[in-house]
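Asker: Need coordinates for the following:
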Amino acid sequence: MATLEELTDRIRRAAAAGDGLGRSVKLDLKGEGVIHVDGATVTNDDRAADLTVSVSRSDLVKLGKGELDPMRAVMTGRLRLSDMGVAMALMPKVKALFEKAV
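Answerer: Here you go, the predicted model:
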């Protein structure tokens, strides 16, 4: 399984190659660190963001590979979102970013 550093690097490359999210997103990997995405800037700094996604590192990889349905993950508590409205607006862009990152 990819380490935090590997995931961060993959997301950094994907963000640099894409159109950007238009909002900042923090991936809280449940005690394993954070990945903060703001445009093409991707860091492991624990900064405030428009949307915070709490998910385990393994489930993040599964989401990116399409092995875990995001709505099922939310319904079962495996994925938590700080703002459902922002999450729904960003869903296509976040999904595309995750798919590029795995």
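
Asker: hey, let's count contacts and neighbours off CA atoms from now on
Answerer: OK.

Asker: So which other helices or strands are in contact with whichever strand or helix holds S58?
Answerer: Using DSSP states H and E, S58 falls within helix 57-65. The contact analysis (3 or more CA pairs under 8 Å, 6 or more residues apart in numbering; DSSP states H and E) places helix 57-65 against helix 84-101.

Asker: related to what we said a few turns ago, rounded mean pLDDT for the helix holding S58, please.
Answerer: What helix 57-65 shows for mean pLDDT is 86.

Asker: Just say helix, strand or coil for the spatially most central residue of the chain.
Answerer: For the chain, the residue nearest the mean C-alpha position is L27 (4.9 Å; CA atoms, centre = their mean). Following DSSP: H, G, I helix; E, B strand; the rest coil, L27 is assigned to strand.

Asker: For it, which residues count as its bridge partners?
Answerer: L27 has these beta-bridge partners by DSSP bridges: I35, V53.

Asker: contacting residues for it?
Answerer: By CA atoms under 8 Å, 6 or more residues apart in numbering, L27 lies in contact with V34, I35, H36, T52, V53, S54, V55.

Asker: D59 now?
Answerer: Contact partners of D59, counting by CA under 8 Å, 6+ apart, are L68, R78.

Asker: Quickly note the distance from it to A40.
Answerer: Separation of D59 from A40 (CA to CA, to the nearest Å): 23 Å.

Asker: cool, V86 as well?
Answerer: Distance, V86 to A40, by CA to CA: 19 Å.
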